[in-house]
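Enquirer: need a structure here:
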Amino acid sequence: VLDFNDPFSTEVKPRILLMGLRRSGKSSIQKVVFHKMSPNETLFLESTNKICREDVSNSSFVNFQIWDFPGQIDFFDPTFDYEMIFRGTGALIFVIDSQDDYMEALARLHLTVTRAYKVNPDINFEIFIHKVDGLSDDHKIETQRDIHQRANDDLADAGLEKIHLSFYLTSIYDHSIFEAFSKVVQKLIPQLPTLENLLNIFISNSGIEKAFLFDVVSKIYIATDSTPVDMQTYELCCDMIDVVIDISCIYGLKDDGTGTPYDKESMAIIKLNNTTVLYLKEVTKFLALVCFVREESFERKGLIDYNFHCFRKAIQEVFEVRMKVVRSRKHQSHLQKNKRPTPNGTPRMPL
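Expert: Predicted coordinates:
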């Protein structure tokens, strides 16, 4: 049941829309990122023929709704109330199949963006140039440049130069789709500047080279420090999380199979052959901190652990404030519902 009427629900859980032409790979992206489906298994997914809504906040710390739209949806259909949908949207991801002729996709992108912008100018427009695993490096760059140029030219011709489109090269067969989704989700986290600042303070006082704050369930990183992100570094972090969870599932559960594979005792150290150490520590039930440290700096592990303790305490305080805001909004929403008049005109009495 799609409920658009709660004015507070969209503030608590931002909505991410997955849109694009048929067979562009929208459902595959959702299944790989949020359901741990193997990329090869997505070949057997049936085409989506209705809007599929999923709440990602129940199984993961990342807190939003993701809506997968069928490619054949018609904005001019009077039964499709696009205003209601776009009004509560935080990000619109438009998926373009890079291995197909993308002229029709660009026309649909322009229609979608202009309609959505008129309803909600605050939407983040994210363009996934998808299935790039089948292209050479030169072809990838040329395709991205061509799509970027054409999409922005279309907006300029319509007098909408102020609309900003972000472009990402993605594939479900490597980590690019997780990194792209990370950047989309980060824009929806109001505490992002605070998290980045805490990470900067932590690494500068601990001799750490790079640190990521990961959502363990989806392998989306919700924050990192201000140094540039290297794709190889990100891939190593993802692989480390997989190793920790897989080993914990085998050896971390009790004899009767109860318990959780990832808890407050979860910690891992992996020494690489280039004098770098990967260090993972549990922050909350759904979050992990993954750090890159030089071996000589890791000799001061006591200092790193003390600073981590302070960092974790600060993170918990940040999200305690967040939960108070969420509870306050829910309470306000409940009061508003109780104030609505009943059919005979008398106001509802609070229970």
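Enquirer: Now do the same contact list for the most centrally placed residue in the chain.
Expert: Centroid-nearest residue in the chain, with CA atoms, centre = their mean: Val185, separated by 3.4 Å. Residues in contact with Val185, defined by CB atoms under 8 Å, 6 or more residues apart in numbering, are 16, 62, 64, 220, 222. No exception for glycine: its C-beta is placed from N, CA and C like everyone else's.
Enquirer: hey, where'd the helices end up in the stretch 51-200 of the chain?
Expert: 82-87, 103-119, 137-157, 176-186, 192-206 (DSSP state H, counting those that start in this stretch).
Enquirer: what are the phi and psi values for the residue nearest to Asp263 when sequence neighbours are not counted?
Expert: Excluding its sequence neighbours, the residue lying closest to Asp263 (CB to CB, 6 or more residues apart in numbering) is Glu282, at 6.8 Å. Note on Glu282: backbone dihedrals following degrees, to the nearest 10 are phi -70, psi 130.
Enquirer: Report how many residues lie close to Glu282.
Expert: By other CB atoms under 10 Å, 19 other residues sit near Glu282.
Enquirer: wouldn't it be in contact with Ala268 here?
Expert: No. Between Glu282 and Ala268 there is no contact under CB atoms under 8 Å: 9.8 Å.
Enquirer: which neighbours do these two share?
Expert: Common contacts of Glu282 and Ala268 (CB under 8 Å, 6+ apart): none found.
Enquirer: residue ranges of the strands in this structure, please?
Expert: For the chain, the strands defined by DSSP state E cover 15-20, 52-55, 65-68, 89-97, 124-130, 165-169, 208-215, 220-224, 267-271, 276-282, 287-294.
Enquirer: any chance of those strands in TSV, plus distance to Asn40 and mean pLDDT?
Expert: Output for the strands of the chain, formatted as TSV (distance: least, CB to CB, whole Å; pLDDT from 0 to 100):
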stretch	distance to Asn40	mean pLDDT
strand 15-20	21	92
strand 52-55	22	83
strand 65-68	20	89
strand 89-97	18	95
strand 124-130	16	96
strand 165-169	21	96
strand 208-215	24	93
strand 220-224	22	92
strand 267-271	27	93
strand 276-282	28	93
strand 287-294	27	93
